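Just to be clear, the model below is a prediction. Sequence and coordinates:
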Amino acid sequence: MRILLTNDDGIDARGLRELAAALEGLGEIWIVAPDLEQSAASHALTLRDPLRVRHHDERVFSISGTPTDCVLVAVRGIRGVLEPHPDLVVSGINHGPNMGDDVTYSGTVAAALEGRLLGLPSIAFSNTNWNPEHLDSSGQIARQIVSHMIDAGPHPARLLNVNLPDLPRDEIRGLRATRLGVRVYRDEIVAKVDPRGRPYYWIGGDPPEWVKDDESDFGAVSAGYVSITPLQTDWTDDADLEALRGWENDLAGTSHRA
Ligand code: MN
């Protein structure tokens, strides 16, 4: 069993180190992570710049790219440089939550998504605190979950998103299988002026708020539970697909009349 670890907070992030230490012994651990922080990089792929690979230690590498670049390069491999041939992709432990609608921004979740799209079972871990105090507890739980995932056997279609409350191990109440919550967006564009008198803008606003829902990821972590959400990659809205069938006839002659 070879396990590829990555993240979006960068190779030096505490969460990644904690994850590597926590998973020791479950398989051969490879780390391929961005050289710099890439939070909110989403599923970006670097196509207009070269990628530099830096070898830090026997199975530890950083790449001058996004989390998605790291997983793609690691899974495809670079002959003679980087050949992990992973069986499992684990992303995190992110500093900060990745729940609900926000998973679309997440580099942590995108790294796991890339693993899943390449046919590997993949899992993302996030501690819900942007400055986590209990990464040791998160690491212990991550180990339990990854170990469970390995014992469950091959399941290539699996993409799991885990959010861990930033609590000591004995204060975590358990694990809940959840669905993605719905975010109340309150971002504000803050306008300021730079030292040279030119205006600049910064995306800011209050911390995220959520529609109350006990079955959601947000509902679980706010009640002190670890949230585990299975994600799918097919974004097709089946209900709306049926509604759009009606457009087929309505718009059939459009191009002729135009
Ligand atoms: Mn991050």
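Cool, got the structure.

now for this protein, which residue lies nearest the mean position of the chain?
Nearest to the geometric centre of the chain sits residue 109, at 1.5 Å (Cα atoms, centre = their mean).

I'd say that residue and residue 98 touch.
Yes - if you go by Cβ atoms under 8 Å, residue 109 and residue 98 touch, sitting 5.3 Å apart. Quick note: C-beta positions are derived from backbone N, CA and C, even for glycine.

Common neighbours of those two, please.
124, 161 (Cβ atoms under 8 Å, 6 or more residues apart in numbering).

Is the residue of the chain found nearest the ion within a helix or a strand, and which one?
In the chain, the residue that lies nearest the ion is residue 39 (3.4 Å; Cβ to the ion). Here residue 39 sits in a region with no helix or strand, counting by DSSP states H and E.

Test my guess that residue 175 contacts residue 223.
No - in this structure, residue 175 is not within contact of residue 223 by Cβ under 8 Å, at 11.7 Å.

Looking at the two, which one has more neighbours?
residue 175 (17 against 13; other Cβ atoms under 10 Å).

coming back round to it: could you count how many residues lie near the residue of the chain closest to the ion?
Count around residue 39 with other Cβ under 10 Å applied: 21.

mind checking pLDDT for it?
Listed pLDDT for residue 39 reads 87.

so it touches residue 107, yeah?
Yes - in this structure, residue 39 is within contact of residue 107 by Cβ under 8 Å, at 5.9 Å.

ranges for the helices of the stretch 151-258 of the chain?
Taking DSSP state H, counting those that start in this stretch as the criterion, the stretch 151-258 of the chain contains helices spanning 217-222, 238-250, 254-257.

Please produce a markdown table containing the ones you listed, extended by mean pLDDT, mean neighbour count and distance to residue 163.
Output for the helices of the stretch 151-258 of the chain, formatted as a markdown table (pLDDT from 0 to 100; neighbours: other Cβ atoms under 10 Å; distance: least, Cβ to Cβ, whole Å):
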| stretch | mean pLDDT | mean neighbour count | distance to residue 163 |
| --- | --- | --- | --- |
| helix 217-222 | 97 | 24 | 5 |
| helix 238-250 | 91 | 9 | 27 |
| helix 254-257 | 58 | 7 | 45 |
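
Those helices into a markdown table, with extra columns for distance to the ion?
Formatted as a markdown table, these follow (distance: least, Cβ to the ion, whole Å):
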| stretch | distance to the ion |
| --- | --- |
| helix 217-222 | 16 |
| helix 238-250 | 32 |
| helix 254-257 | 45 |
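
Can I get those in CSV including distance to residue 228?
Shown next, in CSV, are the helices of the stretch 151-258 of the chain (distance: least, Cβ to Cβ, whole Å):
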stretch, distance to residue 228
helix 217-222, 8
helix 238-250, 24
helix 254-257, 46
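
Could you list the buried residues of stretch 71-86?
Across stretch 71-86, burial judged by 16 or more other Cβ atoms under 10 Å covers 71, 72, 73, 74, 75, 82, 84, 86.

a markdown table for the residues you listed, including distance to the ion and pLDDT?
Output for the buried residues of stretch 71-86, formatted as a markdown table (distance: Cβ to the ion, whole Å; pLDDT from 0 to 100):
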| residue | distance to the ion | pLDDT |
| --- | --- | --- |
| 71 | 15 | 98 |
| 72 | 19 | 98 |
| 73 | 19 | 97 |
| 74 | 18 | 97 |
| 75 | 21 | 97 |
| 82 | 23 | 94 |
| 84 | 22 | 94 |
| 86 | 21 | 97 |
